[in-house]
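Task: produce atomic coordinates for the following.
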Amino acid sequence: MQTHGVATCVGIAWAVLLAVPIVSCSPASLSDNSTRTPAKGIDVGKLARFLSPTAKILFPGSTDFTAYTARWSNLEPPTPSIVVVAGIEKDVSKTVKFAFDYNIPILAYNGHHGTHTTLGKMDYGIEIYLPQLNTITIAKDMTSVTVGGGVNVKTLIDTLWEAGKQAVTGWCECVSFLGPALGGGHGWLQGHHGLISDQFLSMNVVLANGDLKTIDAHSDMWWGMRGAGHNLGIVTSVTTKIYDIVSPNWAIETIIFSGDKLKAVYEAANKDLLQNGTQSSDIHNWSYWQNDASLDPNNPVIIMFVVQEGVDVVDPRYTTPFHDIGPLMITPQSGTYKDLAAWTGIAKESPPCQDFGLNNPRFPIYLNEYNTTAMQKAWDIYAPAISGENNPYSLSIFMWEDYATAGVRARGVKSTAFAFRQDLILAAPLIIYAPNKARDLAVEQLGNKLRELVQEGTGRGSELHAYVNYAYGTEGPEAWYGYEPWRQNRLRTLKKKYDPKGKFSFYGPIA
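Residues are numbered from 1 along each chain as shown. Alright, predicted model coming up:
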């Protein structure tokens, strides 16, 4: 998801929402009745006059307002007062300018998967809803595509596929294309080409004062937007590289193990997949620790995905070591790149893409290898914490994502604000539970404890490497954007220049 935010304004007397029976109105009708404001301090009529005929302003209590403010995770969600549905890029610019002039918090929204607890600091203000900015324009030379700020992953993949093209995108179909990219952005093709943001050629960005600016590699802002972009502006469109489909066929083996095989499974993954950082660019390995009562009613199981590009059957040299361990189940499948999301449970129809009203905090950490001693310690706490009849955390998943990384590591470590190019694995416990204030602290403690145990195996001491797009929200700027003083200084300099009032500071704030 792409979420941009603003710092909560100190000293503002937060308004109480008025119970007005308004569903949704066009800007024209609102401009005729400027007194119909859903929150004190926001002159909706004046705002409406700035917007295009295709824009809409939504009020609390309407069906669309409820739909457009829904979150995938309900732990510390933002609570905007109104929603502006942008019809064109200038609607975003005009809304931000209005909010800047009247000192109103803003948060851009083109997905709903961000889980930072800092989002909850937005308890008043304007949400800018981007999904109507859904244009996809392939360049005549077929080397790039310009993508609107509201386009999601599946739409972009499908559109490019019909043209015989691909782009580096995120892997979850329901997530926006741009949101993950502003934090770096992982994807199935990164082993060849690098991160999502590494592909960018130019972008249209709305600055904190409302200016709409086109930037590229000649801008000092360019470096920061690719890794810490949520802090610097709202991207309304981007032009990014695209590639010919070289290998339409892909294959997967889903191999499931009981928990007692943990050390053997991940020792095999280190040796036969990671290969000391020399993993092939056509191989990806994910695994989940989650409950499956049909296979083990008392403990979670280990679900291992071995994914290979350009084949109809995963090469046995990658799978045989796992077969030899003694899995509970083996399921091979073959198809195309477009099948990957369904195979790994992240298609638009899959449970993770649905809004069930649950809390879904994650506690990410980057690794360079599987330390099976540390992982066993984490398992010994995780397994009993989520298992058992009527366990409130029974839907939880411990994710271990091993993408091919050669294309990511080939870029210079100083090339963008994304700091952790040399790391090989992204892990994260995802603790899923029904909203319950009494459990929030316990979940935070559990997630942090699991991450701390895994951290012990990295040899980094207290230096946590955390993917900003998965973050819980308390990790801090160094864990999200790198510990080197020059990195933090460069980010702070950009923040001071482009957002001195901290308007974009709800999501992974730099300071």
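
how is the chain carved up into domains?
With automatic domain parsing as the criterion, the domains of the chain are listed as 3-129, 136-244, 249-474.

Straight-line length of the second one, end to end?
Taking CA to CA, to the nearest Å, domain 136-244 runs 17 Å from one end to the other.

now stretch 493-511
When the end residues of stretch 493-511 are compared by CA to CA, they are separated by 11 Å.

Report the buried residues of it.
Of the residues in stretch 493-511, 494-495, 498-499, 502-510 count as buried by neighbour count, 16 or more other CB atoms under 10 Å. C-beta coordinates here come from the backbone N, C-alpha and C atoms, glycine included.

quick one: low-confidence parts of the stretch 101-250 of the chain?
Counting by pLDDT under 70, the stretch 101-250 of the chain contains no low-confidence residues.

follow-up on the earlier one: could you single out the most deeply buried of the domains of the chain?
When those are scored by mean count of other CB atoms under 10 Å, the highest mean neighbour count falls to domain 136-244 (a mean of 22).

Distance from it to the middle of the chain?
Between the mean C-alpha point of domain 136-244 and the mean C-alpha point of its chain there is a distance of 13 Å (CA atoms, centre = their mean, to the nearest Å).

do the same with stretch 432-451
Taking the mean of its C-alpha atoms, stretch 432-451 sits 20 Å from the chain's own mean (CA atoms, centre = their mean).

contact partners of that stretch?
Among residues not part of stretch 432-451, those counted as contacts by CB atoms under 8 Å, 6 or more residues apart in numbering are 74-75, 357-365, 378, 381-382, 385, 392-393, 395-398, 429, 431, 464, 472, 474.

Now go through the buried residues of stretch 493-511 and say which are in helices.
Secondary structure defined by DSSP state H assigns 494-495, 498 of the buried residues of stretch 493-511 to helices.

would you say Ile252 is within a strand?
Yes. The secondary structure assignment for Ile252 places it in a strand, going by DSSP: H, G, I helix; E, B strand; the rest coil.

Now do stretch 119-130: distance from first to last residue.
By CA to CA, the extent of stretch 119-130 from end to end equals 17 Å.

per-residue confidence averaged over stretch 373-386?
Here the mean pLDDT over stretch 373-386 is 98, rounded to a whole number.

For that stretch, what is the distance to the chain centroid?
When distances are taken as CA atoms, centre = their mean, stretch 373-386 is centred 25 Å away from the chain's centroid.

residues in contact with Pro321?
268, 271-272.

Next: Glu369.
270, 274, 424-425.

Can I get these in CSV including distance to Ser219 and secondary structure?
Output for the contacts of Glu369, formatted as CSV (distance: CB to CB, whole Å; DSSP: H, G, I helix; E, B strand; the rest coil):
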residue, distance to Ser219, secondary structure
Asn270, 41, helix
Leu274, 37, helix
Leu424, 31, coil
Ile425, 33, strand
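
Let's have those in CSV, adding pLDDT.
Putting the contacts of Glu369 into CSV (pLDDT from 0 to 100) gives the following:
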residue, pLDDT
Asn270, 97
Leu274, 95
Leu424, 97
Ile425, 98
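
Out of those, flag the one nearest to Trp289.
Within these, proximity to Trp289 (CB to CB) peaks at Ile425, which comes in at 14.1 Å.

The ones in helices among the buried residues of stretch 493-511 into TSV, with extra columns for distance to Tyr483?
Formatted as TSV, those follow (distance: CB to CB, whole Å):
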residue	distance to Tyr483
Leu494	18
Lys495	18
Tyr498	23
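
Now tabulate those residues in CSV and tack on distance to Lys449 and pLDDT.
Formatted as CSV, the entries for these read as follows, by distance: CB to CB, whole Å; pLDDT from 0 to 100:
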residue, distance to Lys449, pLDDT
Leu494, 35, 98
Lys495, 32, 98
Tyr498, 38, 98
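
on that earlier part again, looking at the contacts of Glu369, which one is closest to Asp220?
Leu424 (30.6 Å).

Can you tell me how far that closest one is from Ser197?
To Ser197, Leu424 is 19 Å away according to CB to CB, to the nearest Å.

Then Thr159?
20 Å.

ok, now which ones touch Leu189?
If you count contacts by CB under 8 Å, 6+ apart, Leu189 has them with 166-169, 243, 407.

at 10 Å what do you get?
Taking CB atoms under 10 Å, 6 or more residues apart in numbering, we find Leu189 in contact with 166-169, 171, 196, 199, 243, 246, 281, 309, 337, 403-404, 407.

In helices, which of those residues fall?
Using DSSP H, the members of the contacts of Leu189 that fall within helices are Gly407.

Now name the helix or strand holding Thr66.
When secondary structure is defined using DSSP states H and E, the element that contains Thr66 is helix 63-68.

Surely Gln190 touches Ala406?
Yes. Using CB atoms under 10 Å, Gln190 and Ala406 qualify as a contacting pair, with a distance of 8.7 Å.

Tell me the residues that contact both of the two, please.
The contact lists of Gln190 and Ala406 share Ser281, where a contact means CB under 10 Å, 6+ apart.

Measure how far the longest strand seen in the chain is from the centre of its chain, please.
In terms of residue count, the longest strand belonging to the chain (DSSP state E) is strand 296-309. On the basis of CA atoms, centre = their mean, the separation between the geometric centre of strand 296-309 and that of its chain is 23 Å.

That one: partners in the sheet, and parallel or antiparallel?
For strand 296-309, sheet partners with direction are given as strand 249-258 (antiparallel), strand 283-292 (antiparallel), following DSSP bridges.

Would you mind identifying the next helix or strand past that strand?
On the C-terminal side of strand 296-309, the closest following helix or strand by DSSP H and E is helix 316-323.

what's the angle from that following helix to strand 283-292?
Calculated by axes from the mean of the first three to the mean of the last three CA atoms, to 10 degrees, helix 316-323 forms an angle of 20 degrees with strand 283-292.

Out of the buried residues of stretch 493-511, which is nearest to Val413?
Leu494 (18.1 Å).

ok, so what distance separates the closest residue to the closest one other than its chain neighbours from Pro78?
In this structure, Leu494 finds its nearest non-sequential neighbour in Gly224, 4.4 Å apart by CB to CB, 6 or more residues apart in numbering. In this structure, Gly224 and Pro78 are 23 Å apart, going by CB to CB.

Now do the helix or strand encompassing Thr146: which elements does it pack against?
With secondary structure defined by DSSP H and E, Thr146 is part of strand 144-148. Using 3 or more CB pairs under 10 Å, 6 or more residues apart in numbering; DSSP states H and E, the elements in contact with strand 144-148 are strand 136-138, helix 153-162, helix 178-182, strand 200-206, strand 234-241.

Output these as TSV; include the columns distance to Pro300.
Converted to TSV, the helices and strands packed on strand 144-148 look like this (distance: least, CB to CB, whole Å):
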stretch	distance to Pro300
strand 136-138	40
helix 153-162	28
helix 178-182	27
strand 200-206	39
strand 234-241	38
